[in-house]
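S.K.: from the sequence below, what's the structure:
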Amino acid sequence: MRVACPAKQIFQKVTHVIFDLDGLLLDTESIYKKVFSDIAQRHGKVYTAETRGKVIGTTEDVGARIAVEEMQLPMSPEDFLKEYKAAADKSLHTVGLMPGAERLVRHFHTKQIPIAVATSSGQDTYDIKVEHHKSLFSLFSHVVTGGTDPEVKSGKPSPDIFLVCARRFKDSPKPEQCLVLEDAPNGVQAAVKAGMQVVMVPDKQIEEKATKLATLKLNSLEEFRPEMFGLPPLE
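M.R.: Alright, predicted model coming up:
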């Protein structure tokens, strides 16, 4: 997969950047994939790439419902969620950063570019994930945890979380002034519906057709060139 644009192409200039969390900043998706697969296997089912594509980027309760329905598991979404959280939380305490994530966050902070996080996680799960990365996540203006935030009425692919996140910047920029960085098709759809440009760093198992809405598609955050969106270039 290559950068999906000519090297000299310039997109609409932005002033603020909103980061997704799972699979974009933190290497959590491999943990989630294993937990979902293990639960499915115990019931003689398979957690396919197609089902995973529907789950990625959703809130935990919605993801549990999709998993149960798609795989026809003999359990309620609530029971699936309990089993999932018990297994996942053990590994999330020590989750690592994705390639290029720390450099990019620190770069934007140094250059005084307003940055925030918009994650489908609930606040309790978010706290577990960032436990060993508090200094880095303290650099963000704010974090919107869609799973528990009362202002986020509907999760991704609805645009709510990104619109709420934009409003909470001190200067409340217009949607078109915000650039979203995402890894999941549901997140890309949400950003587009919010009227924002979106750079996608998709999981390798995500089908090509599920990446079409992205403004720009990359293999890794290490490939990202902020100047293409009018932001200060990496040094």
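S.K.: give the contact list for the residue nearest the centre of the chain.
M.R.: By CA atoms, centre = their mean, the chain has its centre lying nearest to residue 20, at 3.2 Å. Residue 20 sits next to 57, 117, 118, 119, 180, 181, 182, 183, 184, 187 when contact means CB atoms under 8 Å, 6 or more residues apart in numbering. (C-beta placed from N, C-alpha, C; glycine too.)
S.K.: same question for residue 123.
M.R.: Per CB under 8 Å, 6+ apart, neighbours of residue 123: 145, 147, 148, 149.
S.K.: got phi/psi on it?
M.R.: phi -60, psi -40 (degrees, to the nearest 10).
S.K.: what's the distance between it and residue 225?
M.R.: Noted for residue 123: a distance of 33 Å to residue 225, by CB to CB, to the nearest Å.
S.K.: could you do residue 52 as well?
M.R.: For residue 52, the distance to residue 225 - CB to CB - is 29 Å.
S.K.: with residue 139 instead?
M.R.: Distance check for residue 139 against residue 225: by CB to CB, it reads 21 Å.
S.K.: one more: residue 151?
M.R.: In terms of CB to CB, residue 151 sits 33 Å off from residue 225.
S.K.: who's in contact with the closest residue to residue 76 other than its chain neighbours?
M.R.: The shortest distance from residue 76 to any non-neighbouring residue, by CB to CB, 6 or more residues apart in numbering, is to residue 68 (7.1 Å). Counting by CB under 8 Å, 6+ apart, residue 68 touches 75, 76, 77, 80.
S.K.: that's a helix at the first one, yeah?
M.R.: No: the assignment for residue 75 (DSSP: H, G, I helix; E, B strand; the rest coil) gives coil, which keeps it out of a helix.
S.K.: please enumerate the strands of the chain.
M.R.: Taking DSSP state E to define them, one finds strands in the chain at 16-19, 115-119, 142-145, 178-182, 197-200, 216-217.
S.K.: so which of these is the most packed in?
M.R.: Neighbour counts (mean count of other CB atoms under 10 Å) averaged over each of these peak at strand 178-182, with a mean of 27.
S.K.: where does the prediction get shaky in this structure?
M.R.: For the chain, the stretches with pLDDT under 70 are 1-9.
S.K.: break it into its domains for me.
M.R.: Here the domain parsing of the chain from automatic domain parsing is 16-27+95-229, 29-92.
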